[in-house]
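**Q** with the input below, show me the fold.
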Amino acid sequence: MPFGLTNAPANKKEHEEHLSTILKLLKKEDLYAKFSKCEFWIPK
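**A** Presented below is the predicted three-dimensional model:
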């Protein structure tokens, strides 16, 4: 059985595109993320 990340973006560019899509969807639905609770591109 494989372990590790599943459905994770292959690279930073793909991650940025996915993040942009999610944030646009949230904005469209008048939902907001609290960025003080978010962490992006944290090294292992």
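**Q** skipping its backbone neighbours, what lies nearest W41 in space?
**A** Distances taken as Cβ to Cβ, 6 or more residues apart in numbering place K12 nearest to W41, at 6.9 Å, with adjacent residues excluded. Heads up, the C-betas are built off the backbone N, CA and C, glycines and all.
**Q** separation between the one you found and K44?
**A** 14 Å (Cβ to Cβ, to the nearest Å).
**Q** ok, the two, which is more surrounded?
**A** Taking neighbours as other Cβ atoms under 10 Å, K12 and K44 compare with K12 leading, 10 against 2.
**Q** confidence score at that one?
**A** K12 carries a pLDDT value of 82.
**Q** could you report the neighbour count for the spatially closest residue to Y32 that is not a sequence neighbour?
**A** Nearest non-adjacent residue to Y32, counting by Cβ to Cβ, 6+ apart: L26, 6.5 Å away. The number of residues packed around L26, counting by other Cβ under 10 Å, is 12.
**Q** contacts for the helix or strand where L26 lies?
**A** Per DSSP states H and E: L26 is located in helix 12-28. Residues outside helix 12-28 that contact it (Cβ atoms under 8 Å, 6 or more residues apart in numbering) are P9, Y32, A33, F40, W41.
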